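# Sequence first, then the predicted structure:
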Amino acid sequence: EKVDYQEGFITKDHCPLTVPVRLQPLTDTYTVDPKPFARGKFATVRRCRNRETGVDYAAKCIRKRRRAVDVRHEIMHEMFVLKQSEHCPHIIRLHEVYESSTEVIFVLEMAVGGELQRVLEDHEVISEKVATRLMRQILEGVTFLHERNIAHLDIKPQNLLLTSTFPRCDVKLCDFGISRLISKGTEIREILGTPDYVSPEILQYEPISLATDMWSIGVLVYVLLSGHTPFTGETKQETFWNITSGILDFPEELFGGVSNDAKDFIQRLLITEPSERMTVKECLRHSWIRCGGNLENPWSDVVLSSRNAKVSVFSVEVAEEVTCG
Ligand SMILES: Cc1cnc(Nc2ccc(CC#N)cc2)nc1Nc1cc(C2CC2)[nH]n1
């Protein structure tokens, strides 16, 4: 029967996979840290350890009622997106689901390296070599979603988790709490997302699409390479004006050492007209991603130990011959 995709939520009617929801207490199977290590508006995240296997997970506890409104269908949507993504190495994996009278609990893969946001706070900027390696993984995760017509709608450094200590880590996308199924003919217009990363169409109440994620990816790369967001104003209103103005600049003091290829990549995403932005597949074919960072000193990431000056060389496997620079 016709399923109402109107709001872009995936329901059990059109999700091919089933997810067993356990009703017994989480603490029967896991020891759970009392103190959450992360909090969102409607969820808290606690470290939990499986009593039998000793494996650590992140338990995301989500309240089923928000301001007296039942939002279980939104939580079930997030669960179905996570379930469909369980085989993508660049998306945080859902292990199992519990439900109590007040909460749904996602037992999720633990990424011990924490948020990419912390690295930005500690490092200011990231080398292009590392940035392109991480962006390739993020773009592969977004490709997985876009191939299934799922828009994440909240791509930002806080939702990009590292698997180990930076810079020798991998990165995984998390938090599908405001993601939406973008299906032909239905128009979703909702104010979503985080001010600095939100796209012009969202601010102008235009239809949301997969291209909305591509705008956020452009903002993300700008931030990774400069440590600053491109449109932030003194007030939210000024930020929103800057976003819809289409004015983008690369101040010399921030982008002096950044390659033209990187700036070209950003410029092809931070375009106010959604249909003119690169798609995620076009991003993976862009020369900055294919050759990114190789143009600098290729050993820029070598770790020289202080005691004996040995050079730890990591085996480099060339996936495909590309002509770079
Ligand atoms: C070490 C760590 C530190 N900080 C966060 N923050 C964080 C960011 C976004 C969301 C939003 C969500 N979802 C939740 C927590 N997550 C961590 N590891 C996780 C977190 C997780 C799963 C995603 C919860 N696995 N490993």
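That came through fine.

# alpha carbons only for contacts and neighbour counts from here, please
Noted.

# Outside of the longest helix seen in the chain itself, list whatever touches it.
The single longest helix within the chain, with elements called by DSSP state H, is helix 128-146. Outside helix 128-146, the residues within contact range by C-alpha atoms under 8 Å, 6 or more residues apart in numbering are 85, 88-91, 151-152, 167, 170-173, 210, 221, 224-225, 258, 280-281, 283-284, 288-289, 292-294, 296.

# which element follows that helix toward the C-terminus?
As assigned by DSSP states H and E, the chain's next helix or strand after helix 128-146 is strand 150-151.

# Sheet-wise, list the partners of the helix or strand following that following strand with their directions.
Moving toward the C-terminus from strand 150-151, the next helix or strand (DSSP H and E) is strand 160-162. Strand 160-162 has the following sheet partners, assigned by DSSP bridges: strand 114-115 (antiparallel), strand 171-173 (antiparallel).

# would a markdown table of those strands with distance to the ligand and mean neighbour count be doable?
Rendered in a markdown table, the data for the strands paired with strand 160-162 read as follows (distance: least, C-alpha to the nearest ligand atom, whole Å; neighbours: other C-alpha atoms under 10 Å):
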| stretch | distance to the ligand | mean neighbour count |
| --- | --- | --- |
| strand 114-115 | 4 | 20 |
| strand 171-173 | 8 | 25 |
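
# Identify the bridge partners of Ala151.
Here Ala151 sits in beta bridges with Arg180, as judged by DSSP bridges.

# so Tyr57 sits in a helix?
No - residue assignment for Tyr57, taken from DSSP: H, G, I helix; E, B strand; the rest coil, gives strand, which places it outside any helix.

# could you list every residue that touches the nearest residue to it once chain neighbours are set aside?
Setting aside the residues directly before and after it, Tyr57 is nearest to Met110 in space (C-alpha to C-alpha, 6 or more residues apart in numbering), at 4.7 Å. Under the criterion of C-alpha under 8 Å, 6+ apart, the neighbours of Met110 are 56-58, 92.

# Need the pLDDT of Met110.
Residue-level confidence at Met110 comes out at 98, pLDDT.

# now do Asn308
Here, the pLDDT recorded for Asn308 equals 49.

# got the residues of the chain near the ligand?
Counting by C-alpha under 6 Å from any ligand atom, the residues of the chain close to the ligand are 38, 58, 60, 108-115, 158-159, 174-175.

# Count the residues that sit near the closest residue to Val45 other than its chain neighbours.
Across the structure, with C-alpha to C-alpha, 6+ apart as the measure, the residue nearest Val45 apart from its sequence neighbours is Lys60 (4.4 Å). By other C-alpha atoms under 10 Å, 25 other residues sit near Lys60.

# Can you name the two of the contacts of Met110 that sit furthest apart?
Spatial extent of those (C-alpha to C-alpha) is set by the pair Asp56 and Ile92 at 13.6 Å.

# Please export the C-alpha coordinates of the longest helix of the chain as PDB.
Output in PDB follows, covering the C-alpha atoms of helix 128-146 (Å, rounded to 0.1, in the frame of the first residue of the first chain):
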ATOM      1  CA  GLU A 128      45.900  18.200   3.600                       C
ATOM      2  CA  LYS A 129      47.300  14.700   3.600                       C
ATOM      3  CA  VAL A 130      45.400  13.600   6.700                       C
ATOM      4  CA  ALA A 131      42.300  15.700   5.700                       C
ATOM      5  CA  THR A 132      42.000  14.000   2.300                       C
ATOM      6  CA  ARG A 133      42.500  10.500   3.900                       C
ATOM      7  CA  LEU A 134      39.700  11.200   6.400                       C
ATOM      8  CA  MET A 135      37.500  12.900   3.800                       C
ATOM      9  CA  ARG A 136      37.700   9.900   1.500                       C
ATOM     10  CA  GLN A 137      36.300   7.700   4.300                       C
ATOM     11  CA  ILE A 138      33.600  10.200   5.100                       C
ATOM     12  CA  LEU A 139      32.600  10.500   1.400                       C
ATOM     13  CA  GLU A 140      32.500   6.700   1.200                       C
ATOM     14  CA  GLY A 141      30.100   6.600   4.200                       C
ATOM     15  CA  VAL A 142      27.900   9.400   2.600                       C
ATOM     16  CA  THR A 143      28.000   7.500  -0.700                       C
ATOM     17  CA  PHE A 144      26.500   4.500   1.100                       C
ATOM     18  CA  LEU A 145      23.700   6.600   2.500                       C
ATOM     19  CA  HIS A 146      23.000   8.600  -0.800                       C
END
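
# ok, back up a step: return the subset of the contacts of helix 128-146 lying in helices.
221, 224-225, 280-281, 283-284, 288-289.

# Number of residues surrounding Thr232?
Neighbourhood size, Thr232 [other C-alpha under 10 Å]: 18.

# so who does it touch?
Counted by C-alpha under 8 Å, 6+ apart, Thr232 has contacts 196, 238-239, 242.

# Need the max-distance pair from these.
Of all pairs drawn from these, the greatest distance, 11.0 Å, lies between Asp196 and Glu238 (C-alpha to C-alpha).
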